[in-house]
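Participant: Any chance you can model this:
(2 chains)
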2 protein chains.
Amino acid sequence: MDPKHVKVPPMMDLTIDNITENTVTINSQGDDQRLTYVMERLVTHLHDFARETRLSTTEWMAALNFLVRVGQISSDVRHEFILLSDILGLSLLVDAIDHPKPPASTEGSVLGPFHTHEAETIPNGELIAHDPEGEPCLVVCTIKDVQGNPIEGVKIDIWETDSTGHYDVQHSDRQGPDGRCVMNSDKEGVFWFKAIVPVPYPIPHDGPVGQLLKLLKRHPWRPAHMHFMFEKKGWDHLITALYMRNSPYETSDAVFGVKKSLIVDYSTADAAIAKKYGVKEGSKVLKHDFVLVSEKETERLRDENALKAMEKLGRKVKLLNHLPVPDVD
Amino acid sequence: MDPKHVKVPPMMDLTIDNITENTVTINSQGDDQRLTYVMERLVTHLHDFARETRLSTTEWMAALNFLVRVGQISSDVRHEFILLSDILGLSLLVDAIDHPKPPASTEGSVLGPFHTHEAETIPNGELIAHDPEGEPCLVVCTIKDVQGNPIEGVKIDIWETDSTGHYDVQHSDRQGPDGRCVMNSDKEGVFWFKAIVPVPYPIPHDGPVGQLLKLLKRHPWRPAHMHFMFEKKGWDHLITALYMRNSPYETSDAVFGVKKSLIVDYSTADAAIAKKYGVKEGSKVLKHDFVLVSEKETERLRDENALKAMEKLGRKVKLLNHLPVPDVD
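Facilitator: Model (predicted):
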């Protein structure tokens, strides 16, 4: 850019006290009001953090080197920044902001770093987990709207670990996807499959996030759970998980995902169930009814919550594409 | 960790309103008071940022993917997170906090991502930049304390770009270090060398930081400057740069480094200078006197500034190893 075309006021001699306003000014040259607002908040909080801790150069450098390592260990099958966001409670927070749930609907939970896009689409009744050490488990679910009407044709992603607590992608010698599938709900909103009973497992802690947890004297464990993701045009995208009642770490989940409404009991198959679904009598059964919310209703609720929250924070905003930007008249 | 040994209060059903206190609690199990405090401030600001922007899942994911790219483009010779910190004004801020300067001393400036540890140590008078297109320049400096006494045996790192505005490490076909050296001040506190007149250059903008600058309609340019770093036991580590007066981008430096006291004039060598230093008459000369501060004085000033600033912020702290931690008595 020709220096003559620089439109910001001249900046020089920046100090602890004036660096923030100058950074915000130089970041506010674009037309994207949302980007300008997000950057203004980001820079302000980043600088306030440094000012309130009197962050030292040594700490700053350690943090930047830590972030490099977080990026460098990430790959197609490992997103260490999602993991970092998870253990800092940010993932839970963003999900709660973006996907408000009316009372009768299924609550969300953290996505985690192990969802992939390579799972096969299977019909009802198939086995998705082939670990011979896993305890077999029949899973029978429905998807309905808040009025109780079944929703057909919802795409459902399901994923779980093997009996050792590892997802398929964590095995370097894996042959292909396992412990995961994509399904579609039928006319009655039903989908069912055969899997294994989930087990508690530690999130990957051989990388920088694990080192941070160790420094903080935190354990990396998650209680036993199975992941579910629901997508259908017109319905709010639901990422959630079902947690096994009384699983260890139920109240100290390393990524803050557990909700009472998502804790489930496993029953055992009686003769009728065993016959109907082709499983052994006495084997574990998980039944659950999921309730989706329409996109429209979620949007309405999200807008309402945003405006209420911003008013409470004393911020004068308007919504642009359903996201807050300063309302400068 | 055995779930029985988890000491934090049971957590479940985390929401927009209670996630922060719970994350802070689980992060506060260790004995390192400073780490606990830094994490408390970090998590609070991170969460407030998400709450005040009503950060969407799409924006969150875009940010995490951006951070992965910042980590992945980083290498031994490119630290994209330093660059990100630079353009967000954080580097300037941390330097200002950590290295307060009494009035008579040389001010600091940003380190930037291009300092390396492979430069050769040279005696006075050598040529450090071998670019034939560069305009030759004699640099004659002294290092003194605030009372005007010369400081001997200071290790000085010097680095600058070639005439195209690239550091040696930015050339994939480079043979070894160029445009950089390490020197030691002599008994009179003098060090002098031959270099080239620096030119304005854009910070590396072929990566994620460049994409961000573009999104923000910011230019990536820095005014012409030469980097200096000073180290000697007992003296505060000084990272600074000398900026050429009236260089383009002097008042819109992409990384906020320019200070009036660091802007210098280049003179031309007269016959006496030319003879004394073995340069052509009429060639460019840069003379500068650097003033270092003792570690003790910097520490005293840093402590004083920290306590004053924290009092102004209404934070009740004490200093532990010269860094604030909450004073909980």
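
Participant: how about the helices in chain A?
Facilitator: A:19-26, A:33-53, A:57-73, A:80-87, A:90-98, A:208-215, A:271-277, A:295-312 (DSSP state H).

Participant: Chain B: which of those helices is closest?
Facilitator: Chain B lies closest to helix A:57-73 among these, at 1.2 Å (Cβ to the nearest Cβ). Glycine gets a C-beta too; all of them are placed from N, C-alpha and C.

Participant: what's the spacing between residue A:216 and residue B:38?
Facilitator: Per Cβ to Cβ, to the nearest Å, residue A:216 is found 11 Å from residue B:38.

Participant: Of those two, give the one with the bigger neighbour count.
Facilitator: Per other Cβ atoms under 10 Å in any protein chain shown, whichever of residue A:216 and residue B:38 has more neighbours is residue B:38, with 22 against 17.

Participant: Can you verify my assumption that that one contacts residue A:53?
Facilitator: Yes - the pair residue B:38 / residue A:53 is scored as a contact, 5.2 Å apart, by Cβ atoms under 8 Å.

Participant: Could you tell me which residues touch both of those two?
Facilitator: In the contact map built from Cβ atoms under 8 Å, 6 or more residues apart in numbering or on different chains, the residues linked to both residue B:38 and residue A:53 are residue A:59.

Participant: domain ranges for chain A?
Facilitator: A:3-77+A:298-326, A:80-293 (automatic domain parsing).

Participant: Would you mind finding the most buried of those?
Facilitator: Most buried of those, by mean neighbour count (mean count of other Cβ atoms under 10 Å in any protein chain shown): domain A:80-293, with a mean of 19.

Participant: is chain B contacted by it?
Facilitator: Yes - Domain A:80-293 comes into contact with chain B (Cβ under 8 Å from any Cβ of the partner chain), by way of A:80-82, A:85, A:88-99, A:215-219, A:221, A:248-253, A:256, A:258-260.

Participant: just how off-centre is that domain within its chain?
Facilitator: A distance of 12 Å separates the centroid of the chain from that of domain A:80-293, by Cα atoms, centre = their mean, to the nearest Å.

Participant: same thing with stretch A:307-314?
Facilitator: Offset of stretch A:307-314 from its chain centre (Cα atoms, centre = their mean): 25 Å.

Participant: Return it as CSV; C-alpha atoms alone will do.
Facilitator: Extracted C-alpha coordinates of stretch A:307-314, given in CSV (Å, rounded to 0.1, in the frame of the first residue of the first chain):
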residue,chain,number,x,y,z
LEU,A,307,-30.1,-8.8,22.9
LYS,A,308,-30.9,-9.6,26.5
ALA,A,309,-27.3,-10.5,27.4
MET,A,310,-25.9,-7.4,25.7
GLU,A,311,-28.3,-5.2,27.4
LYS,A,312,-27.3,-6.7,30.7
LEU,A,313,-23.7,-6.1,29.8
GLY,A,314,-24.5,-2.5,29.0
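
Participant: Give me the residues contacting that stretch.
Facilitator: In contact with stretch A:307-314 (Cβ under 8 Å, 6+ apart) are residues A:317, A:319, A:324, B:16, B:51-52, B:54.

Participant: Tell me who's in contact with residue A:40.
Facilitator: Residue A:40 touches A:24, A:27-28, counting by Cβ under 8 Å, 6+ apart.

Participant: What separation do you get for it and residue B:120?
Facilitator: Residue A:40 is 45 Å from residue B:120, by Cβ to Cβ.

Participant: what's the closest of the contacts of stretch A:307-314 to residue B:142?
Facilitator: Using Cβ to Cβ, residue B:52 is the member of these that lies nearest residue B:142, at 49.6 Å.

Participant: thought the closest one was touching residue A:41?
Facilitator: Yes - taking Cβ under 8 Å as the definition, residue B:52 is a contact partner of residue A:41 at 5.3 Å.

Participant: Surely residue A:247 touches residue A:201?
Facilitator: No - Residue A:247 lies out of contact with residue A:201 (Cβ under 8 Å); the separation is 10.5 Å.

Participant: shared neighbours of the two, anything?
Facilitator: residue A:224.

Participant: Pass me the low-pLDDT residue ranges in chain A, would you?
Facilitator: For chain A, the stretches with pLDDT under 70 are A:1, A:3, A:6, A:329.

Participant: Strands of that one, start to end?
Facilitator: With DSSP state E, the ranges of strands along chain A come out as A:136-145, A:155-159, A:180-184, A:190-196, A:201-202, A:221-222, A:225-231, A:238-244, A:263-264, A:267-268, A:284-292, A:317-320, A:323-326.

Participant: and residue A:302, what does it touch?
Facilitator: By Cβ under 8 Å, 6+ apart, residue A:302 lies in contact with A:97-100, A:322, B:54.

Participant: how close does it sit to residue B:325?
Facilitator: 39 Å.

Participant: And for residue A:202?
Facilitator: Note on residue A:202: its distance to residue B:325, by Cβ to Cβ, is 30 Å.

Participant: related to what we said a few turns ago, just the closest of the contacts of residue A:302 to residue A:20, please.
Facilitator: Lowest distance from residue A:20 to those (Cβ to Cβ) belongs to residue B:54, with 21.8 Å.

Participant: Once you drop chain neighbours, what's closest to that closest one?
Facilitator: Nearest-residue entry for residue B:54: residue A:306, 4.6 Å, with adjacent residues in sequence omitted and distances by Cβ to Cβ, 6 or more residues apart in numbering or on different chains.

Participant: Touching, the one you found and residue A:321? I think so.
Facilitator: No - Residue A:306 lies out of contact with residue A:321 (Cβ under 8 Å); the separation is 11.7 Å.

Participant: Okay, residue A:273 and residue A:125: tell me how far apart.
Facilitator: Separation of residue A:273 from residue A:125 (Cβ to Cβ): 13 Å.

Participant: Mind listing the residues bridging to residue A:285?
Facilitator: Here residue A:285 shows beta-bridge partners residue A:138, residue A:267, assigned using DSSP bridges.

Participant: Please name the residues that touch it.
Facilitator: Counting by Cβ under 8 Å, 6+ apart, residue A:285 makes contact with A:137-140, A:266-269, A:273, A:279.

Participant: at 10 Å what do you get?
Facilitator: A:137-140, A:265-270, A:273-274, A:277, A:279 (Cβ atoms under 10 Å, 6 or more residues apart in numbering or on different chains).

Participant: Looking at those residues, which is nearest chain B?
Facilitator: residue A:265 (16.3 Å).

Participant: Distance of residue A:151 relative to residue A:234?
Facilitator: On the measure of Cβ to Cβ, residue A:151 and residue A:234 end up 9 Å apart.

Participant: list the residues that contact both of the two?
Facilitator: Contact with both residue A:151 and residue A:234 is made by residues A:292, A:294, according to Cβ under 10 Å, 6+ apart.

Participant: Would you mind confirming that residue A:115 is in contact with residue A:157?
Facilitator: Yes - using Cβ atoms under 10 Å, residue A:115 makes contact with residue A:157 at a distance of 6.5 Å.

Participant: Show me the common contact partners of those two, please.
Facilitator: Shared contacts of residue A:115 and residue A:157, counting by Cβ under 10 Å, 6+ apart, come down to A:180, A:227, A:229, A:239.

Participant: now the residues you listed in CSV, with distance to residue A:168?
Facilitator: Conversion of these to CSV gives the following (distance: Cβ to Cβ, whole Å):
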residue, distance to residue A:168
A:180, 7
A:227, 13
A:229, 16
A:239, 19
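
Participant: give the contact list for the nearest residue to residue A:278 once chain neighbours are set aside.
Facilitator: Nearest residue to residue A:278, sequence neighbours excluded (Cβ to Cβ, 6+ apart): residue A:125, at 7.0 Å. For residue A:125, the contact set (Cβ under 10 Å, 6+ apart) comprises A:138, A:191-194, A:277-279.
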